[in-house]
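> Quick one: sequence plus predicted model below, questions after.
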Amino acid sequence: MEFETKNGHLMWDGCDTVALAEKFGTPLYVFSKTMIEDKCQELQRDFVEKYQNVRVAFASKAFSTLAMLKIIERQGFSLDVVSDGELYTAIKADFPAAHIEMNGNNKSIEELTMAIDYGVGRIIVDSLQEVDLIAAVAKEKGKVVDILFRITPEVNVQTHSFISTGQKDSKFGIPIDETILFPQIKNAIDTAEVNFLGFHFHVGSQLFDNHAHLAAVEIALDLVKMVKERFDYLIKELNFGGGFGVRYTEQDQPQPFSYFTDPMMEKVLAFCQEENYPQPAIVIEPGRSIVAEAGISLHQIGAIKELPGLRKYVSIDGGMTDNIRPGLYAAEYTGILANKADEALVEKVTVSGKACESTDILVKDIELPQVESGDLFATFSTGAYGYSMASNYNKLAIPAVVLTNQGQAELIVKRQSLDQIIQNEVIPEFLK
Ligand code: LLP
C-alpha cells in the first residue's frame, strides 16, 4: 500500500497518526475528508458531468455519521438509507429529503411512515406487500410516493457469497417472473398514491469485474422494453446499485468507476437510440468505494505471545468489535506499525483482537518491524463497513472517529463511555 511518512510516523491526510492516537486515544477510526472528496470528484468528473440525467446516491450503510452525510450533501449526491436509524441520521444531518432513497427488504410500517412524513425522494420496493403498504400510508398523508422496484437480475458474481445479492435465491429483490413482478407493476401503475418510476438492482459488493453489472443492465433494459410493450408505460429511472471494489491488500486491483459506468451508460444510450426511448435517469449507489480507502484504524499493541515454531500473536486493543469483516467474510487487510513506519520489516506476526472469539484475527501472517507492546498498528482501508458494523461484544466500547482535512483533525464521533454501554439496562423489580 502507498503511504506517506514523516519522522518515522505514518501520515494520513497531513496528520501524524501517532499524534492522533495520543490525542484521541485508541482504538480510533481516522477518515480523510480529502480522500473521500477525491473519490467523489472522480464520480463527478467521470459520471455526473459526463452524462445527462445521472445521479450518485451514497449507500450510507457503508459509513453513516452526521459529518459524512454533510460531505455527501455538499457533493450534491443523493443518499441511500435502509432503516429508521439511517434515515434518522439523515434527518438529523438536515439531508435534503428529496435526495434520499429508501431501500430495505423488510421496511416496517413505522419506517415507511417516517420516510413518507419526511418526504423522501424514492422508496425502492423490495417485497410483494410493499406497494400496498406505501399506498396506504401515502393516502393517509395525502401524498404520492415515487417508487422503484428492486429486481433480482439473476446474475452470478465473483465475490464472497455472503455479500452477493443479485442471484435468484436471494432475500433481496423481486424475481423477474410473470406471476410475481408483472402483477406488481400493473398494481403500481394503477395505484394513484404511488408513482412508478422504474427498476433498481444491486448485484453484489466488492466487485472487480463489470460483467455482472453489464448483464444486469441488459436484463433491466429488456424489462423496460417489456413494460412499454405490455403496459404502454415509459420507465423514467433505473438504479444500478453499488458494488465497485476497493483495495484492501496489494492483491486487490480495483478499477476506476468509469470501468463500470462507461459501458453501462453505453448500453443505456444504445438502447434509447435503437428503441427511440427517452433516456431514463440513471442512478448508481456506491458505498464502499467512496469511503473504504479513506479510512484507517489505529490500535495500540498490548500482549505479545510467541508460540515457538508456530506463530507470534500480537494483540490489539480492539478487533472484531470495530472490524467484523475478517471474522465474518474472511476479509483480508494489511497494515503497518504507524510509529515505525520507516523501519524494515523483520518479523512475521498475526495481529489478533481482544474479543473472546477465535475468529477475532485482524491480519494473519503480516510482516512488520520488531513489534513491541505500546506500538501503534494502523490497518488500511477500514473506512467502509468497519464503524458501521461495530458492536459492543464483550462490552467493548465503540471507538471514536476522527475526520482529517489536510493537516487538521476533528472528532466526529466521540468514544462510547462505559456508562453509555449500559445506559439502557435496567434491573427489574423482582431482582431487587
Ligand atoms: N445498494 C444496495 C441496495 C446495497 O444493498 C448495497 C450494499 C449498496 C448499494 C452498496 O454496496 P457497495 O458499493 O458498498 O458495495 N457488509 C458487507 C457489505 C454489504 C453490502 C450490502 N449492500 C461488507 O462489509 O463487505
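Structure received.
> drop to CA atoms for contacts and neighbour counts, all remaining ones
Will do.
> Please enumerate residues in contact with stretch 60-72?
With C-alpha atoms under 8 Å, 6 or more residues apart in numbering as the test, stretch 60-72 has contacts from 33, 37, 58, 78-82, 86, 89-90, 92-93, 95, 287-288, 291, 383-388, 412-413.
> Count the neighbours of the closest residue to E111 other than its chain neighbours for me.
Among residues not flanking E111 along the chain, D84 sits closest, at 5.4 Å (C-alpha to C-alpha, 6 or more residues apart in numbering). Neighbour count for D84, taken as other C-alpha atoms under 10 Å: 18.
> pLDDT at D84, what is it?
For D84, the pLDDT comes out at 98.
> just the one 10 residues further on next, same as before
Per-residue confidence (pLDDT) for D94: 98.
> What's the local residue count around it?
Neighbour count of D94, defined by other C-alpha under 10 Å: 13.
> so does the lowest-mean-pLDDT helix or strand in the chain get close to the ligand?
Within the chain, confidence by mean pLDDT, DSSP states H and E is lowest for strand 174-175 among all helices and strands, at a mean of 90. No - if you take C-alpha under 6 Å from any ligand atom as the test, strand 174-175 misses the ligand, and the best it gets is 12.5 Å.
> Each with direction, which strands does that strand pair with?
Strand 174-175 has the following strand partners under DSSP bridges: strand 145-152 (parallel).
> Can you confirm whether the partner strand lies near the ligand?
No - between strand 145-152 and the ligand, judged by C-alpha under 6 Å from any ligand atom, nothing touches; the nearest distance is 8.1 Å.
> Need the residues that contact that strand.
Contacts with strand 145-152, where a contact means C-alpha under 8 Å, 6+ apart, come from 116, 121-126, 134-135, 138, 166-168, 170, 172-176, 193-201, 237.
> Can I get the buried part of the residues you listed as one ChimeraX selection?
Buried residues within the contacts of strand 145-152, by 16 or more other C-alpha atoms under 10 Å, are selected in ChimeraX with:
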select :116,121,122,123,124,125,126,134,135,138,166,167,168,172,173,174,175,176,193,194,195,196,197,198,199,200,201,237
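> and for the least confident helix or strand of the chain, what are the contacting residues?
Contacting residues not belonging to strand 174-175 are listed as 126-128, 149-153, 168, 180-181 [C-alpha under 8 Å, 6+ apart].
> switch the cut-off to 10 Å
Strand 174-175 is contacted from outside by 105, 125-128, 149-154, 166-169, 180-182, 184, 200-201, using C-alpha atoms under 10 Å, 6 or more residues apart in numbering.
> So which residues of the chain form helices?
Here the chain has its helices, by DSSP state H, at 17-24, 33-43, 66-74, 84-92, 109-118, 130-141, 181-190, 211-231, 257-275, 288-291, 325-329, 418-421.
> and these as a markdown table, adding distance to the ligand?
Converted to a markdown table, the helices of the chain look like this (distance: least, C-alpha to the nearest ligand atom, whole Å):
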| stretch | distance to the ligand |
| --- | --- |
| helix 17-24 | 24 |
| helix 33-43 | 13 |
| helix 66-74 | 14 |
| helix 84-92 | 13 |
| helix 109-118 | 16 |
| helix 130-141 | 16 |
| helix 181-190 | 18 |
| helix 211-231 | 12 |
| helix 257-275 | 11 |
| helix 288-291 | 4 |
| helix 325-329 | 6 |
| helix 418-421 | 23 |
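> For the stretch 1-150 of the chain, give me the ranges with low pLDDT.
By pLDDT under 70, the stretch 1-150 of the chain contains no weakly predicted segment.
> so which residue of it comes closest to the ligand?
Minimum separation of the stretch 1-150 of the chain from the ligand (C-alpha to the nearest ligand atom) falls at A59, amounting to 5.1 Å.
> So which bits of stretch 337-353 are buried?
Neighbour-count burial for stretch 337-353 flags 337-342, 345, 348-353 (criterion: 16+ other C-alpha under 10 Å).
> what two of those residues are the furthest from one another?
Using C-alpha to C-alpha, the two most remote members of the buried residues of stretch 337-353 are D342 and G353, lying 24.4 Å apart.
> quick one on the thing from earlier: show me the contacts for the residue of the stretch 1-150 of the chain closest to the ligand.
78-82, 101, 103, 241-243, 284-290.
> at 6 Å what do you get?
Neighbouring residues of A59 by C-alpha atoms under 6 Å, 6 or more residues apart in numbering: 80, 285-287.
> List the beta-bridge partners for it.
D80.
> Use 515 as the first number from now on
That works, and once the first residue is 515, the last one we named lands at A573.
> My guess is Q920 contacts G528. True?
Yes - in this structure, Q920 is within contact of G528 by C-alpha atoms under 6 Å, at 4.9 Å.
> ok, those two, which is more surrounded?
Neighbour count, other C-alpha under 10 Å: between Q920 and G528, G528 has more, with 18 against 13.
> circling back to that earlier point, what about the contacts of A573, which are in strands?
Counted as lying in strands by DSSP state E, out of those, are D594.
> If you rank the contacts of A573 by neighbours, which is first?
Counting neighbours by other C-alpha under 10 Å, D594 comes out on top of the contacts of A573 with 28 neighbours.
> From A611, how far out is that residue?
11 Å (C-alpha to C-alpha, to the nearest Å).
> can you check G635 too?
Separation of G635 from A611 (C-alpha to C-alpha) stands at 6 Å.
> Kindly report the same for A892.
Counting by C-alpha to C-alpha - A892 and A611 are separated by 37 Å.
> now swap in A650 and tell me
Using C-alpha to C-alpha, we find A650 at a distance of 20 Å from A611.
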